[in-house]
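S.K.: Turn this into a model:
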Amino acid sequence: GEIQEGDGYQSRIGFTGVVNSGDASVVLKKVTMEDNGTYICSVRLRHDPPMNAKSGELILLSLSIVAPSKPECKILGTTEYGHNINLTCHSDEGSPKPVYTWQSFNVQNQPRALAAPAGEMLTLKNISADTSGFYICTSTNSVGHESCNITVAVMPPSMNFALYAGAIGGALVAIILIGVLVYCCCCRGEQGESQPVKIRGPAEEEVYEEDEAEEDRWEDRPPMPTTNKPQIVISEPV
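M.R.: From the prediction side, this is the model:
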């Protein structure tokens with residue numbers, strides 16, 4: 001017989017048996033969610049009128065098989081020393097329901113065993129530098145499989161630069177202030193041995209300032225002119 005492929009089925013559909021012997025089984029490849037639906041099988045001769053659902057004997061087939069869509073991998077938690085994190089993997093599409101398996105490789109790309117390598121979620125407890133590496137999740141069903149991967153880089157707590165930079169900056173400021181105070185105390189001690197230190201109150205400072213101002217006024221005055229008053233000279237008798 002003649003095979004006619006509808007739109008969207010080119011190179012994806014074909015017979016698995018010998019049609020002339022009565023085996024009209026077909027195979028549908030690379031199925032997607034768009035292929036879900038009801039399929040009708042009808043048999044008629046070339047020149048017979050087409051059959052419909054109300055005439056003749058029809059075979060109805062409901063298709064609900066689809067390969068898993070590409071899964072999405074995520075990290076839940078903080079990748080720092082001593083923390084617990086979860087790696088998740090999920091395909092939005094897939095029928096039958098996909099199953100998930102995990103593989104792990106260290107930073108040298110060498111495979112390593114996992115305690116529970118199956119399931120949508122992989123839990124890693126008390127992580128350390130040995131936990132760092134690559135994790136691959138594979139979503140599989142009877143139609144096909146897809147995978148995603150995650151890179152895990154475990155950091156020590158000291159990598160929190162903002163917190164530790166502030167602490168170091170504060171410590172440096174405190175050290176500088178202490179050094180300045182010690183230097184000032186040493187200088188005061190040396191000056192105290194050479195000359196006494198006089199402490200004046202605010203009232204004494206005001207008097208001292210007034211005396212200085214008075215002296216400045218006397219210094220700025222011009223010299224007094226000599227007077228023409230008669231002078232008395234006393235001499236001893238000869």
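
S.K.: Touching, Ser69 and His145? I think so.
M.R.: No: shown here, Ser69 and His145 do not form a contact pair, counting by Cβ atoms under 8 Å, at 11.0 Å. Bear in mind the C-beta positions are built from the backbone N, C-alpha and C, glycine included.

S.K.: who touches both of these two?
M.R.: With contacts defined as Cβ atoms under 8 Å, 6 or more residues apart in numbering, the residues shared by Ser69 and His145 are Ser139.

S.K.: So what would you say the end-to-end distance of stretch 68-82 is?
M.R.: End-to-end distance for stretch 68-82: 35 Å, by Cα to Cα, to the nearest Å.

S.K.: can you pull the buried residues of it?
M.R.: Neighbour counts over stretch 68-82 (16 or more other Cβ atoms under 10 Å) mark Pro68, Ser69, Pro71, Cys73, Glu80, Tyr81 as buried.

S.K.: Phi first, then psi, for the fifth one.
M.R.: Its backbone dihedrals place Glu80 at phi -120, psi 160, with angles given as degrees, to the nearest 10.

S.K.: So for Pro196, what pLDDT did the model give?
M.R.: Looking at Pro196, its pLDDT stands at 53.

S.K.: ok, now the one 5 residues further on?
M.R.: Per-residue confidence at Gly201 stands at 53 (pLDDT).

S.K.: do Ala153 as well
M.R.: What the model reports for Ala153 is a pLDDT of 95.

S.K.: My understanding was that Ser128 contacts Met155; is that so?
M.R.: No: taking Cβ under 8 Å as the contact criterion, Ser128 and Met155 are not neighbours in contact, 10.7 Å apart.

S.K.: Please enumerate the shared neighbours of those two.
M.R.: Contact criterion Cβ under 8 Å, 6+ apart; residues bridging Ser128 and Met155 by contacting each: Tyr81.

S.K.: what helix or strand is Ile136 on?
M.R.: Following DSSP states H and E, one finds Ile136 within strand 133-140.

S.K.: What of Ala167?
M.R.: Taking DSSP H and E as the definition, one finds Ala167 inside helix 161-194.

S.K.: Show me this protein divided up by domain.
M.R.: When the chain is parsed into structural domains using automatic domain parsing, the resulting residue ranges are 13-63, 72-159.

S.K.: need these in CSV with distance to Cys187, can you?
M.R.: Written out in CSV, the entries for those read as follows (distance: least, Cβ to Cβ, whole Å):
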stretch, distance to Cys187
domain 13-63, 85
domain 72-159, 40
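
S.K.: Fine by me, thanks again.
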